[in-house]
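Student: Next come a sequence and a model predicted from it.
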Amino acid sequence: MPDPAAAVTTLLRAWRHGDQAAFERLTPLVYDELRRRARRYLRGERPNHTLRPTALVHEAYLRLVNLDQVDWHDRTHFFALAARQMRRILVDSARARRYQKRGGGAISVTFTEALAVSRSNPDLVALDDALELLTQQDERKGRVVEMRFFGGLTNEEIATVLGISTDTVTRDWQMAKLWLRRELRKETRVSAASEPRERSGAWGPRERACKGVRGANSPGE
């Protein structure tokens, strides 16, 4: 029985050289795997969310096949690039919802080994911002997170893409998680500190005094 991974690699290379029939045979081989990964990304989202796994896969696949001048290496390389496209789609969707609802319904994330989505953790936009900062400081660790979190690639697959050992991938993943958690906690503290005190009703002595003066000087009182 032919190795599916080897078949994908062969078809990718044939497609790269202009074989359209290879592209048509490639699609069913990678589509189910992309859909499975998409379901993982969207786990925990609210039931009426408009970005369904099938829609995410379709958009990601369209972006992948329309990439210009990509030197497809193998199946792992394909899914590494798929991780990047899915990241962009998910973050764009999260930013749009944040803009429309001022923070409501954001995709939230957590760094469990299963990479599950949690509603009690920092949202996807905050994660993407932190990941961009990490990538500026250490590009390899940023790519490890992108492929592991958004692409669901194994340590062995990531090691192949980056040309490093699996032990190095494991260390990078653990260190990146710690760095991102610290950065996200920092962002949470900054956001909390910037919230107006009036919203929570936590008036300090000065605010209460000023409020009293304004009330005493208000017309009709």
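Tutor: Received, thanks.
Student: ok, L124 to A94 distance?
Tutor: The span separating L124 from A94 equals 4 Å under the rule Cβ to Cβ, to the nearest Å. Where you see a C-beta, it was placed from the backbone N, CA and C, and this is true even at glycine.
Student: do D172 as well
Tutor: D172 sits at a distance of 25 Å from A94 (criterion: Cβ to Cβ).
Student: what residue ranges in this structure score low on pLDDT?
Tutor: 1-2, 41, 43-51, 68-69, 99-122, 187-221 (pLDDT under 70).
Student: Show the secondary-structure elements that the longest helix belonging to the chain is packed against.
Tutor: Scanning the chain for the longest helix, with DSSP state H as the assignment, gives helix 166-194. Helices and strands touching helix 166-194, by 3 or more Cβ pairs under 8 Å, 6 or more residues apart in numbering; DSSP states H and E, are helix 124-137, helix 139-145, helix 155-162.
Student: for those helices, which one sits closest to V70?
Tutor: With Cβ to Cβ, the closest approach to V70 among the helices and strands packed on helix 166-194 belongs to helix 155-162: 13.7 Å.
Student: contacting residues around that closest one?
Tutor: Contact partners of helix 155-162, identified using Cβ atoms under 8 Å, 6 or more residues apart in numbering, comprise 74, 76-77, 79-80, 140, 143-144, 147-148, 153, 165-166, 168-170, 173.
Student: rerun at 7 Å
Tutor: Outside of helix 155-162, the residues within contact range by Cβ atoms under 7 Å, 6 or more residues apart in numbering are 76-77, 80, 140, 143-144, 147-148, 165-166, 169-170.
Student: Let me know the closest of those residues to E59.
Tutor: Within the contacts of helix 155-162, distances to E59 taken as Cβ to Cβ reach their minimum at A80, with 17.6 Å.
Student: Please report the distance of that closest one from R87.
Tutor: When A80 is compared with R87 (using Cβ to Cβ), they lie 11 Å apart.
Student: Could you do E157 as well?
Tutor: Using Cβ to Cβ, we find E157 at a distance of 16 Å from R87.
Student: where exactly do the helices run in the protein?
Tutor: Assigned by DSSP H, the helices in the chain fall at 4-16, 20-41, 53-65, 75-101, 124-137, 139-145, 155-162, 166-194, 197-200, 205-217.
Student: give the contact list for A60.
Tutor: A60 is in contact with 34, 82, 85-86, 89, counting by Cβ under 7 Å, 6+ apart.
Student: Mind doing that once more with 10 Å?
Tutor: By Cβ atoms under 10 Å, 6 or more residues apart in numbering, A60 lies in contact with 34, 37-38, 81-90.
Student: For stretch 171-191, list every residue counted as buried.
Tutor: Of the residues in stretch 171-191, those scored as buried under the neighbour-count criterion (16 or more other Cβ atoms under 10 Å) are 172-173, 176-177, 179-180, 183-184.
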